[in-house]
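S.K.: My questions concern the predicted model and sequence given below.
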Amino acid sequence: MSEYVKIFDTTLRDGEEAPGFALTSPQKLEMAHQLARLGLDVLEAGFPAASEEEFATVQRIAREVRSPIIAALAPPVEAEIDRVWDAIKQAERPRIHTFLTAADVHQQGALGRERAKARAAAMVARARNLTNEVEFSPIDATRSDWAYVSELFGAVIDAGATTVNIPDTCGFAQPDELAAMVTYMFENVSNIARATLSVHCHNDLGLAVANSLAAIKAGVRQVHCCMNGIGERAGNAALEEIVMALSVRRDQHAVDHGINLDQLLPTSIMLQQFTGVTVQPNKAIVGLNAYARDKNGLHGEAMVEDARTYGLHSGRDTLRQRLADLGLLLTQDELNYAFAGYMSLTDYQGEVTDEDLVQIAQNGRRAADGVFDAIGHVYR
Ligand code: MN
């Protein structure tokens, strides 16, 4: 039987927290449903401690989104553990994800370390009394003393942690170094077999995906990642790049994953549409050029054909009129592409604003030029 690596997606927590990637509550819910279609193992829905609205959003995701484990991040404080439980307890399989801050993980003094370790264990035990799925992350672990990190893991696993995660919070690690750290944990955490070892890689040096893959080779069976690699600074490891590497180079990695590859592009496009942040054209897997087609390639035609089969001539006339009111006059070709974008946007949001219309018109023009498809994705 081959091994399996769990895909833990934190697009809606670590990704969405980053400046420029904010989503509204309805967008998060829609995104969560799409992430479930993608076939995630774990969906980190948010950080309920951040605000009342975030709490409510996480709660809705936990109630409505089925199949993945629904995780939420809880500060290592009793009241916050309990509050996160309130947010996720209606999920099919709720997971409490708690952590120790970098300050605690960087402690040098023996006394401070003992105190931090005891607190981590107590918080994990409290969470484990509430649910069978508990994950623990010592922030900035890769820049800390590995021996201390291994002691922390041992203590929290004894307290009931089912997953222990190594965050490379600042994107500092090198692939062979992170692999060595993973090996060190397998060799030095005596109860490691009772938990899943995981990594959380940031991309500050452009190595988040390489580091994640090196960690998988060294034996971790869960990776944290974000769609399109979004996240703070240079972002998190890109989900689509990790799973495509695992699929295309199965000869190298020999692990299975549960992601539906045909849902990668729709998920990527939905996120681009919601955040308004388009991936760079040469972005691996989901970038515009990565999906290059002939100028009159199949995809663009399919989009237009779709719009036709809907038979929504009246919808197109309405769009034409709204664009004309804004002074945007499109050729029939441009309008066809713009209409496909308009249709896809109305799937996601009830109201299409004038700003959206300007974007839709621009994308329609680019699509007609054979550069972008109508939802902002480049094809040539
Ligand atoms: Mn992070």
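M.R.: Done, it's in. Numbering: from 1, shown residues only.

S.K.: Quick check: which helices or strands does the helix or strand encompassing Met343 pack against?
M.R.: Using DSSP states H and E, the secondary-structure element containing Met343 is helix 332-348. Here helix 332-348 touches helix 264-275, helix 298-309, helix 313-325, helix 354-368, going by 3 or more C-beta pairs under 8 Å, 6 or more residues apart in numbering; DSSP states H and E. Every C-beta, even on glycine, is put in place using the N, C-alpha and C of the backbone.

S.K.: Recalculate using a threshold of 6 Å.
M.R.: helix 298-309, helix 313-325, helix 354-368 (3 or more C-beta pairs under 6 Å, 6 or more residues apart in numbering; DSSP states H and E).

S.K.: That one: how far from the chain's middle?
M.R.: For helix 332-348, the separation from the chain centroid amounts to 27 Å (computed by C-alpha atoms, centre = their mean, to the nearest Å).

S.K.: buried sites along it?
M.R.: Glu334, Leu335, Asn336, Tyr337, Ala338, Phe339, Ala340, Gly341, Tyr342, Met343, Ser344, Leu345 (16 or more other C-beta atoms under 10 Å).

S.K.: Ignoring the adjacent residues along the chain, who's closest to the fifth one?
M.R.: Going back to what we said before, that points to Ala338. The shortest distance from Ala338 to any non-neighbouring residue, by C-beta to C-beta, 6 or more residues apart in numbering, is to Gly364 (2.8 Å).

S.K.: Please work out the average pLDDT along stretch 154-171.
M.R.: Mean pLDDT, stretch 154-171: 98.

S.K.: try stretch 120-140
M.R.: Mean predicted confidence for stretch 120-140 is 98.

S.K.: So which residues make contact with that stretch?
M.R.: 69, 76, 81, 85, 94-102, 105, 149, 152, 155-156, 159-165, 167, 169 (C-beta atoms under 6 Å, 6 or more residues apart in numbering).

S.K.: Restricting to C-alpha, output that stretch in CSV.
M.R.: The C-alpha trace of stretch 120-140 is given here as CSV (Å, rounded to 0.1, in the frame of the first residue of the first chain):
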residue,chain,number,x,y,z
ALA,A,120,1.6,23.9,25.1
ALA,A,121,0.8,20.5,26.6
ALA,A,122,-2.0,22.0,28.7
MET,A,123,-3.6,23.7,25.7
VAL,A,124,-3.4,20.6,23.6
ALA,A,125,-4.9,18.5,26.4
ARG,A,126,-7.8,21.0,26.7
ALA,A,127,-8.4,20.9,22.9
ARG,A,128,-8.2,17.1,22.9
ASN,A,129,-10.9,16.9,25.5
LEU,A,130,-13.1,18.7,22.9
THR,A,131,-12.2,16.9,19.7
ASN,A,132,-10.2,14.0,18.3
GLU,A,133,-8.2,16.2,15.9
VAL,A,134,-5.6,18.5,17.5
GLU,A,135,-2.7,20.1,15.7
PHE,A,136,0.2,21.9,17.3
SER,A,137,2.6,24.4,15.7
PRO,A,138,5.7,25.9,17.4
ILE,A,139,6.0,29.2,15.4
ASP,A,140,9.4,29.8,13.6
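
S.K.: Please tell me how far the longest helix anywhere in the chain is from the chain's geometric centre.
M.R.: Ranked by number of residues, the top helix in the chain under DSSP state H is helix 110-130. Distance, stretch centre to chain centre, for helix 110-130: 28 Å (C-alpha atoms, centre = their mean).

S.K.: One more: stretch 231-244?
M.R.: Distance of stretch 231-244 from the chain centroid (C-alpha atoms, centre = their mean) equals 8 Å.

S.K.: got it, and stretch 50-62?
M.R.: On C-alpha atoms, centre = their mean, the centre of stretch 50-62 falls 17 Å from that of its chain.

S.K.: and what of stretch 253-264?
M.R.: That offset, for stretch 253-264, works out to 15 Å (C-alpha atoms, centre = their mean).

S.K.: try stretch 5-15
M.R.: Offset of stretch 5-15 from its chain centre (C-alpha atoms, centre = their mean): 4 Å.

S.K.: tally of neighbours for the nearest residue to Pro75 once chain neighbours are set aside?
M.R.: Closest residue to Pro75 apart from its sequence neighbours, by C-beta to C-beta, 6+ apart: Ala49 at 5.5 Å. Residues lying near Ala49 (other C-beta atoms under 10 Å) number 17.

S.K.: How about the one 10 residues further on?
M.R.: Around Gln59 there are 20 other residues, counting by other C-beta under 10 Å.

S.K.: Check Ala118 too.
M.R.: When neighbours are defined as other C-beta under 10 Å, Ala118 has 12 of them.

S.K.: if I look at the residue nearest to it when sequence neighbours are not counted, how far off is Met185?
M.R.: Once flanking residues are discounted, Ala118 sits nearest to Ala155: 7.8 Å by C-beta to C-beta, 6+ apart. Going from Ala155 to Met185 by C-beta to C-beta, to the nearest Å gives 13 Å.

S.K.: ditto for Ala214
M.R.: For Ala214, the distance to Met185 - C-beta to C-beta - is 14 Å.

S.K.: My guess is the residue nearest to Ala118 contacts Lys117. True?
M.R.: Yes: the criterion here is C-beta atoms under 6 Å, and Ala155 meets it with Lys117 at 5.0 Å.

S.K.: Surely Phe8 and Val220 touch.
M.R.: No: taking contacts as C-beta under 6 Å, Phe8 lies outside contact range of Val220: 10.8 Å.

S.K.: What is the distance between stretch 60-69 and the centre of its chain?
M.R.: For stretch 60-69, the distance to the chain centre is 15 Å (C-alpha atoms, centre = their mean).

S.K.: let me redo that: stretch 181-188
M.R.: 26 Å.

S.K.: Identify each buried residue in that stretch, please.
M.R.: Those would be Met181, Val182, Met185, for stretch 181-188 by 16+ other C-beta under 10 Å.

S.K.: Okay then, goodbye and thanks.
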